[in-house]
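In: Please find the sequence and the predicted model below.
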Amino acid sequence: MDTVTQLQRQLVDYTNSLFLEGFLNEQFNQLQQLQDESNPDFVVEVVSLFFQDSERLLNELAKILEQKNIDFKKVDAHVHQLKGSSSSIGAQRVQRVCIAFRNSCEEKNIEGCQKCLQHVKYEYTHVKNKLETLFKLEQQVLAAGGTIPMY
Amino acid sequence: MESCNCIEPQWPADELLMKYQYISDFFIALAYFSIPLELIYFVKKSAVFPYRWVLVQFGAFIVLCGATHLINLWTFSMHSRTVAVVMTTSKVLTAVVSCATALMLVHIIPDLLSVKTRELFLKNKAAELDREMGLIRTQEETGRHVRMLTHEIRSTLDRHTILKTTLIELGRTLALEECALWMPTRTGLELQLSYTLRQQNPVGYTVPIQLPVINQVFSSNRAMKISPNCPVARLRPLQGKYMPGEVVAVRVPLLHLSNFQINDWPELSTKRYALMVLMLPSDSARQWHVHELELVEVVADQVAVALSHAAILEESMRARDLLMEQNIALDLARREAETAIRARNDFLAVMNHEMRTPMHAIIALSSLLQETELTPEQRLMVETILKSSNLLATLVNDVLDLSRLEDGSLQLELGTCNLHAVFREVLNLIKPIASVKKLMITLNLAPDLPEYAVGDEKRLMQTLLNVVGNAVKFSKEGSVSITAFVAKSESLRDSRAPDFFPVPSENHFYLRVQVKDSGAGINPQDVPKLFTKFAQNQTLATRNSGGSGLGLAICKRFVNLMEGHIWLESEGLGKGCTAIFIVKLGIPEHSNESKLAFGQKMSGHGQTNFPGLRVLVMDDNSVSRSVTKGLLVHLGCDVMTVSSSEECLRVISQEHQVIFMDVCMLGIDGYDVAVHIHEKFTRRHERPLIVALTGNTDKVTKENFMKVGMDGVILKPVSLEKMRSVLSDLLEHRILFEAM
């Protein structure tokens, strides 16, 4: 029992830290609430979807920004998508960078866009790692026979 | 002849002269001898004579002079040597004594003279003292008169007696021919002859008050002599050719009650004076003496005091009479009021039922009519009818209820009521008006709100309806949001309600309802007035809204009956207003709860679950699509997802009840879809409800949504709770425009 409690505490602390540091926000809690017996892996599924979607979008963005004549409308569209996805799962930092990215697109600022792209990539990778660690911890708790505590 | 030693007298030629000398000497001697005798005699007679020694001297001197002259008699003829010696001796003695006397007289004569002057002085002094004595005597007599007069005057409290007595006594004391009193008229511009001594009924002479002579008299508190010819003194026709007697006038201050302060003699700055005129008898040549004038002055003062006492007495008598009259009038009024109340109650008891029945019929049938198939025009008409009849019903109820509330005869009818149903019904009732005004109404019921509670359902609904109705009435545009939750003890005490002491207990809970509108707002100064009856807040917005102004007063009474509190908060004009009330409701017994527990799962919170609700989710972002789907699946819906508008139009059918459209997508795809759906499904009940999900918060977007016929707009991100309440509201009312 001790290991379970310990692991649970670890999980809780880690999750709290993610919230405190601003990686995740309230929306993520909402996702967790939607997970129940009929839908046990809802969160993981949605987050995986997010990973796939984001990687695709980031690649697209990189391609477009390498071109000579940059189609800002397309860039905007992709960033809009990315913003939507990140806000849906509560990846707060990514979402914020997307907002700044959109501003640069409106201004048609190439350098700004490139900087933002880098920033977004960085934030995305960061949050991806964090979430993966979170899921690993959850797995450990479940494996040890405990339940994932509600926050 | 021979020479002899005899002295030959000189006889021959001067014999006549000799004879005369002889006779004169004789008489001189006689006189000289008789003078001392006389002196002695008179000195002896007088008691006081300080100069006896002088007299003796004088006597000796005279005696010796007489002796000398007597002896002289013998020297006219031949006389012997002895005679000559005797003569010489007496002459020497006489010389000595007379010199001594002469010397003595130098001392005495000034003394004698001064005695004379002293005597004159003393005589004057005596005369003066006599005079003063006379004066004191007269003064003492005057004082006696005044005392007597005062006693007479002050022994009565009747104004007429006082004045009459004054005049009579003065007339007697001073032996006057005529004495008169002139009183100022009500206007204060004239003096009217009020009392006279001799004439029984003085004719109402008046003189203007601004005469210089009158001003002169009024300006000083002394008695002044005035001319007998001035108007105030011409009281009797002049008789004959004799001079009229001297006339004196004095002012009599008329004091008012208001002049008297405690411990402070009133200042004689009062402007009202009466004039007392006193006339000496004509042709008596009598003059006014100073002491008589003083007497008159003193009497005038006394009269003033006596008059004021009399005035006070009159005043208090009058006040007492007035009070008695008022008492009677009040009694009568009270009895009339009681009768009126009884009559009114009887009337109300009858009309209560009679008035409400038709109203209910109108409202019920109009509502039913609204549910049928109507053209837009007809729908508008029916909605207007409904609105008007609702207002009329409210008015009737208000008046009937308020009168019963006033009597204190209203009692709550407690029963178990379904709180959620109450809220929903209120929403239903307010929906027509709100949709006409294009207002967005949202209802948020807290999850921990018990579904059932013990209370007066009807009155609670009435209060809620009134508050929400006000919110709708006073908002020209915008939204009204209703929130209801169980008040925790910290939030129960409100600084604005210092005398509200909620005591939570086991069997009761406090329901707190907040209705926030975005309307005209209220000036914070007007807030206390709102709960008074019939007080209307006159702003442009409200002038057309009707209503009797009773609503909030009634609500307050209901809320108070429910041991609660109601208040309004507003930040000011134009900033909207929040009405908050807390009422105490009972927790129904467990038996009730378990009976309804089954039902709770199905029908609590509006709906926890929407089993089998067919929903279509249109979103091109896979992540948010799956999140939305997850939400809806969690709520028990049957969810289908599409990722584009073409797919949506292909797939949509009558089976779908709700479409959630994510319109973050650039372009007007969302609008197109909505338009298409409207075209495809003409009948309202066949068409699925279209709800837009957007992160856009501007008004233009919202207006566009409403224009294309969307049934609702929700702001992303959507929480589970929000989705739940949105769906339940949507299904209840088929309309939902969330506050943005």
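Out: Received, thanks.
In: elements contacting the helix or strand residue B:172 falls within?
Out: For residue B:172, the enclosing helix or strand under DSSP states H and E is helix B:159-174. Contacts defined by 3 or more CB pairs under 8 Å, 6 or more residues apart in numbering or on different chains; DSSP states H and E place helix B:159-174 against helix B:81-154, strand B:178-184, strand B:190-196, helix B:290-371. In short, each C-beta sits where N, CA and C put it, glycine included.
In: out of those, deepest packed?
Out: For those, ranked by mean neighbour count under the definition mean count of other CB atoms under 10 Å in any protein chain shown, the leader is strand B:178-184 at a mean of 22.
In: Tell me where chain A has helices.
Out: A:2-20, A:26-34, A:42-66, A:72-89, A:92-107, A:110-143 (DSSP state H).
In: For chain A, what's its nearest residue on the stretch 401-550 of chain B.
Out: Going by CB to the nearest CB, chain A is nearest to residue B:447 of the stretch 401-550 of chain B, at 12.5 Å.
In: picking that back up, quick one: contacts of the helix holding residue B:172?
Out: B:145, B:148-149, B:152-153, B:156, B:176, B:179-181, B:194-197, B:278, B:280, B:292, B:295-296, B:299, B:303, B:306-307, B:310-311, B:314 (CB atoms under 8 Å, 6 or more residues apart in numbering or on different chains).
In: if you set the cut-off to 6 Å instead, what comes out?
Out: Applying CB atoms under 6 Å, 6 or more residues apart in numbering or on different chains, the contact partners of helix B:159-174 are B:145, B:149, B:152-153, B:156, B:179, B:181, B:195, B:197, B:292, B:303, B:306, B:310.
In: Repeat that for stretch A:81-93.
Out: A:22-25, A:27-28, A:46, A:50, A:53, A:57, A:94-95, A:98, A:123, A:127, B:621, B:623-624, B:627, B:664.
In: starting at the chain centroid, how far to that stretch?
Out: Taking the mean of its C-alpha atoms, stretch A:81-93 sits 6 Å from the chain's own mean (CA atoms, centre = their mean, to the nearest Å).
In: Taking the contacts of helix B:159-174, tell me the two that lie furthest apart.
Out: Using CB to CB, those reach their maximum pairwise distance at B:292 and B:310, which is 26.3 Å.
In: Mind putting the contacts of helix B:159-174 into CSV with pLDDT and distance to residue B:631?
Out: What follows is those, written out as CSV (pLDDT from 0 to 100; distance: CB to CB, whole Å):
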residue, pLDDT, distance to residue B:631
B:145, 80, 116
B:149, 80, 111
B:152, 80, 110
B:153, 77, 105
B:156, 76, 103
B:179, 86, 113
B:181, 86, 105
B:195, 81, 106
B:197, 80, 114
B:292, 84, 118
B:303, 83, 103
B:306, 82, 101
B:310, 81, 96
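In: any low-confidence regions in the stretch 501-650 of chain B?
Out: Counting by pLDDT under 70, the ranges of the stretch 501-650 of chain B that qualify are B:501-504, B:532-550, B:590-608.
In: how about the helices in it?
Out: Here the stretch 501-650 of chain B has its helices, by DSSP state H, counting those that start in this stretch, at B:540-543, B:551-561, B:590-603, B:622-634, B:645-651.
In: Could I get the buried residue list for the second one?
Out: The neighbour-count criterion (16 or more other CB atoms under 10 Å in any protein chain shown) identifies B:551-559 as the buried residues of helix B:551-561.
In: Please tell me how far residue B:128 sits from residue B:135.
Out: Distance, residue B:128 to residue B:135, using CB to CB, to the nearest Å: 11 Å.
In: And residue B:189, by the same measure?
Out: From residue B:189 to residue B:135 the distance is 43 Å (CB to CB).
In: what about residue A:96, how many neighbours?
Out: Other residues lying near residue A:96 total 17 when counted by other CB atoms under 10 Å in any protein chain shown.
In: And the pLDDT for it?
Out: For residue A:96, the pLDDT comes out at 89.
In: before we move on, what about residue B:476?
Out: For residue B:476, the predicted pLDDT is 80.
In: Next, give phi and psi for it.
Out: phi -80, psi -30 (degrees, to the nearest 10).
In: residues touching it, list them.
Out: Counted by CB under 6 Å, 6+ apart, residue B:476 has zero contacts.
In: how deep is the residue lying closest to residue B:59 once chain neighbours are set aside tucked in, by neighbour count?
Out: Spatially, and ignoring its direct neighbours in sequence, residue B:59 is nearest to residue B:36 (3.8 Å; CB to CB, 6 or more residues apart in numbering or on different chains). The number of residues packed near residue B:36 is 18, by other CB under 10 Å.
In: Residue B:36 touches residue B:62, doesn't it?
Out: Yes: taking CB atoms under 6 Å as the definition, residue B:36 is a contact partner of residue B:62 at 5.3 Å.
In: Quick check: neighbours shared by those two?
Out: Contacts common to residue B:36 and residue B:62, judged by CB under 6 Å, 6+ apart, are absent.
In: leaving aside the residues next to it on the chain, what's closest to residue B:98?
Out: residue B:61 (5.1 Å).
In: isn't the one you found right up against residue B:99?
Out: No: if you go by CB under 6 Å, residue B:61 and residue B:99 don't touch, sitting 9.3 Å apart.
In: what residues are shared contacts of these two?
Out: When CB under 6 Å, 6+ apart defines a contact, no residue borders residue B:61 and residue B:99 alike.
In: rewinding a little: buried ones only from the contacts of stretch A:81-93, please, as a PyMOL command.
Out: To isolate the buried members of the contacts of stretch A:81-93 in PyMOL, using 16+ other CB under 10 Å:
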select buried, (chain A and resi 23+24+25+27+28+46+50+53+57+94+95+98+123+127) or (chain B and resi 621+623+624+627+664)
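In: Point to the residue nearest the middle of chain A.
Out: With distances taken as CA atoms, centre = their mean, the residue of chain A nearest its centroid is residue A:91 (4.0 Å).
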